Structure formats: structure tokens, C-alpha cells
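S.K.: One predicted model, sequence on top.
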Amino acid sequence: MTKKDASKAELYHRATFLHFEKSNECINLTDTTTDTNVLVVLNYQLPLITLSLWEKACFRICADGGANQLYDCLPELLPNSDPTALRTRYKPDVIKGDLDSVRSEVKAFYEQIGTIVVDESHDQDTTDLHKCISYVLNDHGLSAGKPDMKILVVGALGGRLDHEFGNLNVLYSFPKTRIILLSDESMAFLLSKEFTHKIHINPSIEGPYCGLIPLGQPSTSTKTTGLKWNLEEASMEFGGLISVCNQIEGELVTVLLDTDLLWTVTIEKLNQHLKRN
Ligand SMILES: Nc1ncnc2c1ncn2[C@@H]1O[C@H](COP(=O)(O)OP(=O)(O)OP(=O)(O)O)[C@@H](O)[C@H]1O
Ligand SMILES: Cc1ncc(C[n+]2csc(CCO)c2C)c(N)n1
């Protein structure tokens, strides 16, 4: 550990919002802290965990066409319930974006039941996800009293590549905010160079595969423990070494870094549990 690392605070990461206890009947999600999680619903295939995350969020916002995804997926996820009752129960607080993708009947339905719709069609330089994060941080007043706030973004990975890069860019646009991108397969978030990092792994959900990616700029010194292929003060850059197809060994990964890095880990095991129940 260098002098610089010793002066940095440690940041703990634990994906408690994904954790569950198994019983014979069902999965009980164990994270009951609902007042610090915000859910953002994007316009791409929503992961199976979405409704569980919904229950554990204190605020839910759809990015433009994300409202269509929510509206359409509810009767598919819960086929034995009345679609209108379901859509009323899972009512987003806000729909925000340039509103070129949300269908008119979907917008009308949610407006009628009290969802706030924010039209930002004048801004064609930031994505709808960016607009939603700005809303959460600036317009809603959620963040002020909640330093532990996590913004969980569903439908963020595995779709159109330009959108995926836009979603990753949002992590770099709001580096001090804990934003977690989720799909059925992967979870990704930024590790800030301001901290050293301890990432707690729940092996029944997370891994085995992971990556540490120097997306914003090359890194000159990264040191890790807890991985199959650890970095020993290694440099990483696109065109050279980047850490993909790495694997987690054990329940704790530590990362010392000199530039912000993207951390990504597989979460497919979660779906195997969810599908079984
Ligand atoms: N295929 C996708 N893969 C990943 N993320 C997506 C995808 N489609 C949309 N998103 C995310 O959902 C948000 C809302 O999507 P929406 O389709 O409403 O956006 P848009 O700006 O109208 O996109 P488009 O460029 O297709 O017009 C986007 O800002 C983006 O974050
Ligand atoms: C250099 C540059 N490239 C692309 C866009 C287009 N764009 C970026 S975000 C966005 C909103 C999507 O809802 C749109 C249309 C731009 N403005 N500037």
C-alpha cells in the first residue's frame, strides 16, 4: 500500500438489495431498508428482480419509454392478477425524459393515477437516464438527508450498444452518487479513485465472473485481492491490459486504484433462484 492509499478512506460495497433468504415457499428479500434506495426503470428488458427492487425503493422513476417496459411487463410477470390493478399498485412516482418513446396510452394511464410527468424534450444533449438522475439529485430533495442513497437502474445493460455507453457515461457524470446498473446477467458500478474499496460478495448471487475496466482513462496502478487474476500495481488501458473474464475467489474483493474504474460482476445465479420460486 502506498502513502497515498493509506490516506484514503475505505468504501464498502455490499449489494444487500439483491440478498434473500430461501424458504420452502418463497424467497424473502432480506434488505428491508427502503428509505435509501431509488429505482430507475429504463426502456430495455427489465430483470426479474425488478419488482423486488421496487418494493425496497422509496422512490421510482421511469426514463421515458421505461414506462412502457413497466406497463407491458407487469401482466407478464404476474399473469394471475388484473393488469389494471397491477399497474395501479406499481405506479411510478415520475416519468421523465424527452417523451418521444412513452406511448400515449401509457402516459395517459399513469397521469390519470397521479404519476408526475416531466417533459424535457427541449434537451436533446443528455439521455433520459441522465435526466432522471438529475431529477433524483436536484428536484426531488431525496439526496440531501440520505448520504447512503443508492440509485438502482434496471434495464441498463445488454441492449443497444450506444445506449449502454450512454448508461455507463452516467456513472462518470455523477461520480459521487452511488449508481448501480443492473440487468438479468450483470451489475456494474464505478469505483472512485477517492477511496480504497472493499467489495463484499454474496457467492450465492454474485460471480463467478467479474471485470475491472479503465473506461474513462488509463490506470497506472491497480492492486487487488480476492480475484483469480489479481492485479499487482498493474497498469490498464484499452488496447493493452484490461481485466475482463476475471473470477471472484471468496467473499471479499479489495481494490486500490489511482483512477476511477468500472466494476462489473455477474448476477445470473440470482435469476436461477428467482425462476425456481
Ligand atoms: N436498448 C437499450 N439498451 C440499454 N438501455 C436502453 C436501451 N433503450 C433505452 N435505454 C435506456 O432507457 C432510457 C429511455 O429509453 P428511450 O427509448 O425512451 O430513450 P430515447 O432517448 O427515446 O432513445 P432513442 O435513441 O431510441 O430515441 C435511455 O435513456 C437509456 O438509458
Ligand atoms: C454529439 C451529439 N451526439 C448525439 C446527440 C443526440 N443525443 C444525445 S442524448 C439525446 C437524447 C436522447 O433522449 C440525443 C438525441 C447530441 N445531442 N450530440
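M.R.: Done, it's in. Numbering: from 1, shown residues only. Ligands and ions are numbered 1, 2, ... in the order given.
S.K.: only C-alpha atoms for contact and neighbour calcs from this point on.
M.R.: Will do.
S.K.: any idea which helix or strand carries the residue lying closest to residue 47 once chain neighbours are set aside?
M.R.: Counting by Cα to Cα, 6 or more residues apart in numbering, the nearest residue to residue 47 once its immediate chain neighbours are dropped is residue 184, at 4.6 Å. Secondary structure assigned from DSSP states H and E places residue 184 in neither a helix nor a strand.
S.K.: what's the answer for the one 5 residues further on, then?
M.R.: Using DSSP H and E, residue 189 sits in strand 186-191.
S.K.: now swap in residue 196 and tell me
M.R.: strand 195-200.
S.K.: Strand partners (parallel or antiparallel) of that strand?
M.R.: Strands adjacent to strand 195-200 in the sheet, as given by DSSP bridges, are strand 9-14 (parallel), strand 252-256 (antiparallel).
S.K.: neighbouring contacts of the shortest one?
M.R.: Spelled out, that is strand 252-256. By Cα atoms under 8 Å, 6 or more residues apart in numbering, the residues outside strand 252-256 that reach it are 5, 195-201, 222-227.
S.K.: what separates residue 160 from residue 45, distance-wise?
M.R.: Going from residue 160 to residue 45 by Cα to Cα, to the nearest Å gives 11 Å.
S.K.: Those two: who's more crowded?
M.R.: Ranked by neighbour count (other Cα atoms under 10 Å), residue 160 and residue 45 place residue 45 first, with 19 against 11.
S.K.: right, and the helix or strand after the helix or strand of the chain with the lowest mean pLDDT?
M.R.: Among the helices and strands of the chain, strand 27-29 carries the lowest confidence by mean pLDDT, DSSP states H and E, at a mean of 49. Downstream of strand 27-29, the next assigned helix or strand under DSSP H and E is strand 37-41.
S.K.: Quick one: mean pLDDT over the very next helix or strand once past that following strand.
M.R.: Proceeding N to C from strand 37-41, the next assigned helix or strand is helix 50-55, under DSSP H and E. Averaging pLDDT along helix 50-55 yields 95.
S.K.: residues contacting the residue nearest to residue 194 when sequence neighbours are not counted?
M.R.: The spatially closest residue to residue 194, leaving aside those adjacent along the chain, is residue 8, at 6.6 Å (Cα to Cα, 6+ apart). With contacts taken as Cα under 8 Å, 6+ apart, residue 8 has the following neighbours: 194, 195, 196.
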